[in-house]
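*Asks:* Based on what follows, work out the 3D shape:
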Amino acid sequence: MPGNSLEEARFDHVSDTGELVFVSGAGKFAVKIDEALERAILEAKQIRSEAQAVSYIPLQRPWSDAVGV
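*Replies:* This is a model prediction of the structure:
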């Protein structure tokens with residue numbers, strides 16, 4: 001799906017007016033913070049947290065219940 005790929009940007013700084021400034025390629029753009037953005041950030045954090053929790057679930061040893069360990 002090359003036509004659907006997103007260009008990556010990185011956070012650069014907070015502007016004097018409180019906007020988040022990102023850099024992508026040779027350009028910069030500003031993002032105004034609103035309720036939708038705040039909810040999206042919380043959702044992104046939740047997704048990352050869940051993904052990390054799934055990757056760190058300890059495997060149960062099959063003999064632990066049988067032996068009483």
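*Asks:* going forward, measure contacts and count neighbours with C-alpha atoms only.
*Replies:* Fine.
*Asks:* Sheet partners, orientation included, of the strand or helix carrying residue 23?
*Replies:* Using DSSP states H and E, residue 23 falls within strand 20-24. Strand pairing for strand 20-24, using DSSP bridges, gives strand 10-14 (antiparallel), strand 27-31 (antiparallel).
*Asks:* Please identify the buried residues of the last one?
*Replies:* For strand 27-31, burial by neighbour count (16 or more other Cα atoms under 10 Å) applies to residue 30.
*Asks:* Regarding the residue most central in space within the chain, what is its secondary structure?
*Replies:* Of all residues in the chain, the one closest to the mean position by Cα atoms, centre = their mean is residue 44, 4.5 Å from it. Under DSSP: H, G, I helix; E, B strand; the rest coil, residue 44 falls in the helix class.
*Asks:* Next: residue 18.
*Replies:* Secondary structure assignment for residue 18 (three-state DSSP): coil.
*Asks:* Tell me the confidence at the residue nearest to the centre of the chain?
*Replies:* pLDDT for residue 44: 95.
*Asks:* And residue 43, how far from residue 36?
*Replies:* Distance, residue 43 to residue 36, using Cα to Cα, to the nearest Å: 10 Å.
*Asks:* My error: substitute residue 8 in the last question.
*Replies:* Computed with Cα to Cα, the distance linking residue 8 and residue 36 is 20 Å.
*Asks:* Residue 11 now?
*Replies:* Distance of residue 11 to residue 36, given as Cα to Cα: 18 Å.
*Asks:* So the two - more neighbours on which side?
*Replies:* Using other Cα atoms under 10 Å, the more surrounded residue of residue 11 and residue 36 is residue 11, with 13 against 9.
*Asks:* what about that one, distance to residue 33?
*Replies:* For residue 11 relative to residue 33 (Cα to Cα), the value is 14 Å.
*Asks:* Give the residues shared as contacts by these two.
*Replies:* Residues touching both residue 11 and residue 33 (Cα atoms under 8 Å, 6 or more residues apart in numbering) are residue 20.
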